[in-house]
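# kindly return the folded structure for what I paste below:
(2 chains)
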Protein chains: 2
Amino acid sequence: ALADLQAWCAARGYPMSEAVRKQAMLPAGCDLLPNKVGSAPGFCLNLNGCLVLCTPGVPVELDAMLTASVVPAIMTRYRKDRTSAEGGVGVEDSLFVKKLQVFGLGESAIEARIRARLPDWPAHIRLGFRAGSRLTDVKLTTQTRLARQEVPYWCGRLRDILGAHVIGEDDASVADALVKALLAKNLKVTTAESCTGGRLASAITAIAGASAVFEAGWVTYANTMKTQLLGVDALALEREGAVSEPVVRQMLAGALARSGADLGVAVSGIAGPGGGSPAKPVGLVWIAWGQAQAMRAQALYFPAPRDLFQLRVTQVGLDLMRRLALGLVEPPAYLSERAFLPPQA
Amino acid sequence: ALADLQAWCAARGYPMSEAVRKQAMLPAGCDLLPNKVGSAPGFCLNLNGCLVLCTPGVPVELDAMLTASVVPAIMTRYRKDRTSAEGGVGVEDSLFVKKLQVFGLGESAIEARIRARLPDWPAHIRLGFRAGSRLTDVKLTTQTRLARQEVPYWCGRLRDILGAHVIGEDDASVADALVKALLAKNLKVTTAESCTGGRLASAITAIAGASAVFEAGWVTYANTMKTQLLGVDALALEREGAVSEPVVRQMLAGALARSGADLGVAVSGIAGPGGGSPAKPVGLVWIAWGQAQAMRAQALYFPAPRDLFQLRVTQVGLDLMRRLALGLVEPPAYLSERAFLPPQA
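So this is what the prediction gives:
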């Protein structure tokens, strides 16, 4: 632990103070749980047959250590027990959970599809659902090593019936799937954002390797900036308003021309809580997506608190680009669902 | 509940299906907990003297209902009990927690300052700390109504000794404090982002009312875009690299000129995991902030996973603008702390 601390300080040019040195004072006989994000190490030890794990309390440090060393320490311990004590229960024989991330299909729609098209679903693979904000976790849970071996097959069957709605496995995000699809096809995207204020761009650039698929994005929050930076017609803004089809189409055209990207997305909407009117209520958003020569635009409606509104618009924007990058040119069915459309539509 | 559901459907043009109508079937004698984010209402009822609260399971719906109706239902119930049964314990007499959000001072630095400058801190107001990623919660906890009345006074004393490090109370964020400070001075900001990829802009526009203080932001991820969109000298990019002082200064100058904003921030760094070199390791970032005529720039170093790196750079960028908006022109002391500086600095 002391050597790790000395290396940590040396790499950062910190003095090795007493307060730092103290962090290496650990119980005799413990094992180290390394900390890649902070200085203080964690440790684990056996106490009266019980595995005790200790970590720093800083959330980001614990978070990083959980996957890096805490879970592996538990796995190792229980694997060992299983080998030594014949018949004991090991980690592999206990609960195993595989998740599929699904976008644009609700829990009940997924369930109905499984019931209709996979009537042979086995009882020993339990299905669970967790609805997030437009992303739904489909969880396959097994309790035995034998059942666990069948999970890949049933994941494949689920992928067959859920099609492009499947974003990926486990903790996959829509942005993650988008960047992967763009990399595979060697395509670049751009973003022209009003109501999401940079959230589309930051979702893409949160993914490592995004620089190969994303070169520029605009946040044009004010009308004058839509005109000056993206070439949106001032007359269209005045006549139709910022939240309108011609404006999002021109925003996207401007961003595509200026960035040289293959495809992109533009959004303009009313995030609220202020700024709504009877004709254009809080929650209304116009979205344009595609290429300069093959652009689509649609009005969507997500009456929800500001943060949730921005999240939903961002996820739909990412998914529409993901589908194009996969070569799916038809707009997804969810875009014509009642839950996505303005009241007057 | 049925009337609420009918209004919900009518507002969105949904048909009132059996599946929706079923959501209004609730236990006799319960009270409604309205759901502003989804269709299904929650409810609460007394069962053998116990208050039972039921909500939908969708996280965003529960989240919204928690503050809107679940907590108030608990408060009301226990207030009533206290009045009816003399001597019973009411909510106001139990645990009360007030938080101050502090930026740029670690837990131990805050504690040391309190010990040195507030030696008269009362024993009946417990102090707690929770370190997040550069923001630290300082929690004042009291157990009696009398002690609670002293909290505002002691919050004031804390603000005196922590100065501009105090961002705000309870759940205040740095972006929140920035937007408030800009509104108060009628100032506008802009952002020119490389390594944060839109996260600075989206943090600002996450705050309701941001449109009065933020008109445009750029995400110039590729070098060519830094030149084409913000006028960064191609020669400077080639000679000094994208992560350099001249480049962030020119990015900021370009964004200020094009947006007409009063002040702004520009960042360019290596978010990782790839792209680092011995001279410019992952975690290095150049940041420029201020006005065209009064610009500062500095190299900072946050060797951390990509997401945490982007978060830290974003928070420092927001805080530097917040300080300028408050009229504090001297750079904060934390910028010269070892924990913020590159190893060679």
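
# find the least confident helix or strand in chain A, judged by mean pLDDT.
helix A:71-84 (a mean of 68; mean pLDDT, DSSP states H and E).

# what residues does the stretch 101-250 of chain A put near chain B?
Contacts of the stretch 101-250 of chain A with chain B, taken as CB under 8 Å from any CB of the partner chain, map to A:108, A:131-133, A:191, A:193, A:196-202, A:204-206, A:208-211, A:214-222, A:224-225, A:228-229. For the C-beta atoms, the positions are set from N, CA and C on the backbone; glycine is no exception.

# give me the contacts around the next helix or strand after the least confident helix or strand of chain A.
Counting by DSSP states H and E, the element after helix A:71-84 in chain order, helix or strand, is strand A:96-103. The contact list for strand A:96-103 (CB atoms under 8 Å, 6 or more residues apart in numbering or on different chains) reads A:110, A:134-143, A:148, A:151, A:155, A:158-159, A:162, A:165-174, A:315, A:319.

# again with stretch A:269-277
The contact list for stretch A:269-277, computed with CB under 8 Å, 6+ apart, reads A:194-195, A:243, A:280-286, A:300, A:305-306, A:309-310, A:313, B:205, B:208-209, B:211.

# can you give me the end-to-end distance of it?
12 Å (CA to CA, to the nearest Å).

# gap between A:Ser277 and A:Ala271?
14 Å (CB to CB, to the nearest Å).

# do the same with A:Glu240
Relative to A:Ala271, and taking CB to CB, A:Glu240 is found at 19 Å.

# quick one, helices of the stretch 51-200 of chain A?
A:59-65, A:71-84, A:107-117, A:145-149, A:151-162, A:174-185, A:199-205 (DSSP state H, counting those that start in this stretch).

# tell me what the fifth one is packed against?
When you say that, I think you mean helix A:151-162. Counting contacts by 3 or more CB pairs under 8 Å, 6 or more residues apart in numbering or on different chains; DSSP states H and E, helix A:151-162 packs against strand A:96-103, helix A:107-117, strand A:135-142, strand A:166-169.

# do the same with the third one
Contacting helix A:107-117 under the criterion 3+ CB pairs under 8 Å, 6+ apart are the following elements: strand A:126-131, strand A:135-142, helix A:151-162.

# try the last one
Contact partners of helix A:199-205 among helices and strands, from 3+ CB pairs under 8 Å, 6+ apart: helix A:174-185, strand A:189-193, strand A:214-220, helix A:306-325, helix B:199-205, strand B:214-220.

# comparing these, which stretch has the densest surroundings?
strand A:189-193 (a mean of 31; mean count of other CB atoms under 10 Å in any protein chain shown).

# that one pairs with which strands?
Under the criterion DSSP bridges, strand A:189-193 sits next to strand A:214-220 (parallel), strand A:263-269 (parallel) in its sheet.

# tell me the spacing between the residue nearest to A:Asp170 when sequence neighbours are not counted and A:Asp137.
Excluding its sequence neighbours, the residue lying closest to A:Asp170 (CB to CB, 6 or more residues apart in numbering or on different chains) is A:Lys99, at 5.2 Å. To A:Asp137, A:Lys99 is 5 Å away according to CB to CB.

# which residues touch the residue nearest the centre of chain A?
The geometric centre of chain A, computed from its C-alpha atoms, lies nearest to A:Ser173 (CA atoms, centre = their mean), at 2.7 Å. With contact set as CB under 8 Å, 6+ apart, A:Ser173 has these partners: A:101, A:135, A:167, A:203, A:207.
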